[in-house]
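Asks: how does the following fold in three dimensions:
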Amino acid sequence: MKVLCIEKPGKLELKEFPKPQLQPGQAVIKMEMCGICGSDVTAYRGVNPTMKYPINGLGHEGVGVVVEVGENPEGLKVGDRVALEPYVPCLKCHMCAEERWNNCVDLHVCGVHKDGMMAEYFLHPTRQCFKIPDDMSFIHAALVEPFTIGLHGATRARVKKGEHVVVFGAGVIGLMASFACINYGATPILVDLIQERLDEAKAMGVPYTFNSGKGDVEEYLKEVTGGKLPEAMIDCTGAPAILGKMHDYVCHGGRIALIGWPHDPVMINTVRLMQKEIDVLPSRNSNKKFPEAIRLIHEGKLPVDALTTKTCKLEEVETVIQDMIKNPADYLKVVVEI
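Replies: As a prediction, this is how the structure comes out:
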């Protein structure tokens, strides 16, 4: 079978491997599609701080069909169409005991710490294979995993109906977080430097957008919220310039969820955070969000077609990633056909 391997930064290679053998508690999946995540791009660039090289199989946003499975409590059977949750926990630590599997002390993420999903066949725990409706296309299902990231970030920020939430970063995850807020009854205010992305977000239904290169973010947030500032913030950038001033972007008692990974440690103003008693809540991957994401996408609550820029073949992934690096404003989600 073909597997798209990443040997080191800047080097992808299609290799042949034997088809995986069925193991207890696992299923063999014939992979149909896998999204290219921003973390795949940073892994290729060599600036992903969590990446372990080499990896046999890039990618963690996979969907496919069960072709082999033994007895399992999830009721999976051959022929089931599934979305794969890629965060594999140890099931032994104190976080796993609390069912915070995304925060497992020995978490292994597919395509980051262990073999990934850009492969013709993939072996995966049955407990992390989620059935998708028969009438949901695989290309739509490939957006389930990134949508869970936005949903988890909004949950970490304790987003409530009627609130305003400022979201930094109008890439895929920022859009996912914005639509998570909308589905929770809140009003997102999306901030970015790339006007084309903001225009696309507005066309998709994000109610407020702001170009931080053309004005003062804090003043705009006050204008939208009647002087109060938003109750919550979700950062999807990891940018030091944003994190260093995050205390200015929420009201007293506000909550801030951090989805974006900084490349290096960032200085934050703990004095202002304490003065305003702001909760800062890192948001790592997602937890228990796959069924919710599948349901919302199936109900048409996420503009999946507008979010999907293009599809490509396994053989084209390296060329596409190189172009994504050169022309980031031209891309939202790219889905690989396997």
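Asks: hmm, who's touching the helix or strand harbouring L281?
Replies: In the assignment (DSSP states H and E), L281 maps to strand 279-282. In this structure, residues lying in contact with strand 279-282 by Cβ atoms under 8 Å, 6 or more residues apart in numbering are 156-158, 246, 254-258, 268, 273. In short, each C-beta sits where N, CA and C put it, glycine included.
Asks: gap between that strand and the chain center?
Replies: 18 Å (Cα atoms, centre = their mean, to the nearest Å).
Asks: and what of stretch 50-66?
Replies: On the basis of Cα atoms, centre = their mean, stretch 50-66 sits 14 Å off its chain's mean C-alpha point.
Asks: swap in stretch 293-306?
Replies: 15 Å.
Asks: same question, stretch 276-294
Replies: Averaging C-alpha positions (Cα atoms, centre = their mean) puts stretch 276-294 11 Å from its chain's average.
Asks: what about the helices in the stretch 201-338 of the chain?
Replies: 217-225, 240-243, 270-275, 290-298, 304-307, 317-326 (DSSP state H, counting those that start in this stretch).
Asks: tell me who's in contact with I297.
Replies: By Cβ under 8 Å, 6+ apart, I297 lies in contact with 136, 140-141, 143-144, 147, 304.
Asks: and C104, how far is that from G62?
Replies: The gap separating C104 from G62 is 20 Å, by Cβ to Cβ, to the nearest Å.
Asks: more neighbours, these two?
Replies: Each of C104 and G62 has its neighbours counted (other Cβ atoms under 10 Å); G62 has more, 32 against 20.
Asks: which phi and psi does the more buried one have?
Replies: Main-chain dihedrals, G62, degrees, to the nearest 10: phi -100, psi 150.
Asks: so what's it closest to, chain neighbours aside?
Replies: Of all residues not flanking G62 in the chain, M117 sits nearest, at 3.2 Å (Cβ to Cβ, 6 or more residues apart in numbering).
Asks: so the one you found is in contact with G59, correct?
Replies: Yes - counting by Cβ atoms under 8 Å, M117 touches G59, with 4.5 Å between them.
Asks: common neighbours of these two, please.
Replies: Common contacts of M117 and G59 (Cβ under 8 Å, 6+ apart): 34, 110-111.
Asks: most surrounded residue in the residues you listed?
Replies: That'd be C34 among the shared contacts of M117 and G59, by other Cβ under 10 Å, with 34 neighbours.
Asks: who's that one bridged to?
Replies: Counting by DSSP bridges, C34 forms beta bridges with G62, V336.
Asks: can you check E13 too?
Replies: Beta bridges link E13 to C5 when assigned by DSSP bridges.
Asks: list the residues that contact it.
Replies: Contacts of E13 (Cβ under 8 Å, 6+ apart): 4-5, 7.
Asks: go on, K92?
Replies: Counting by Cβ under 8 Å, 6+ apart, K92 touches D106.
Asks: swap in V335?
Replies: Taking Cβ under 8 Å, 6+ apart as the contact definition, V335 lies against 33-36, 139, 142, 308, 310-312.
Asks: show the pLDDT at it.
Replies: V335 carries a pLDDT value of 98.
Asks: secondary structure element holding the residue most central in space within the chain?
Replies: Centrality entry for the chain: nearest residue to the mean C-alpha point is P146, 3.3 Å, by Cα atoms, centre = their mean. If you go by DSSP H and E, P146 is part of helix 144-156.
Asks: partners of the next helix or strand after that helix, with directions?
Replies: Toward the C-terminus, helix 144-156 is succeeded by strand 164-168 as the next helix or strand (DSSP H and E). Sheet pairing of strand 164-168 (DSSP bridges) gives strand 187-192 (parallel), strand 232-235 (parallel).
Asks: any idea which of these gets closest to E218?
Replies: Among the strands paired with strand 164-168, the nearest to E218 by Cβ to Cβ is strand 187-192 (10.7 Å).
Asks: how about the strands in the stretch 51-200 of the chain?
Replies: Secondary structure of the stretch 51-200 of the chain (DSSP state E, counting those that start in this stretch): strands located at 61-69, 81-84, 87-88, 108-109, 121-125, 129-131, 164-168, 187-192.
Asks: let's have these in TSV, adding mean pLDDT and distance to K52.
Replies: Formatted as TSV, the strands of the stretch 51-200 of the chain follow (pLDDT from 0 to 100; distance: least, Cβ to Cβ, whole Å):
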stretch	mean pLDDT	distance to K52
strand 61-69	98	18
strand 81-84	98	19
strand 87-88	98	14
strand 108-109	97	9
strand 121-125	98	18
strand 129-131	98	24
strand 164-168	99	28
strand 187-192	98	30
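Asks: want to throw the ones you listed into a markdown table with distance to K214?
Replies: Below are the strands of the stretch 51-200 of the chain laid out as a markdown table (distance: least, Cβ to Cβ, whole Å):
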| stretch | distance to K214 |
| --- | --- |
| strand 61-69 | 33 |
| strand 81-84 | 39 |
| strand 87-88 | 38 |
| strand 108-109 | 37 |
| strand 121-125 | 45 |
| strand 129-131 | 42 |
| strand 164-168 | 15 |
| strand 187-192 | 11 |
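Asks: any idea which of those is most buried?
Replies: Stretch with highest mean neighbour count among the strands of the stretch 51-200 of the chain: strand 164-168 (a mean of 29; mean count of other Cβ atoms under 10 Å).
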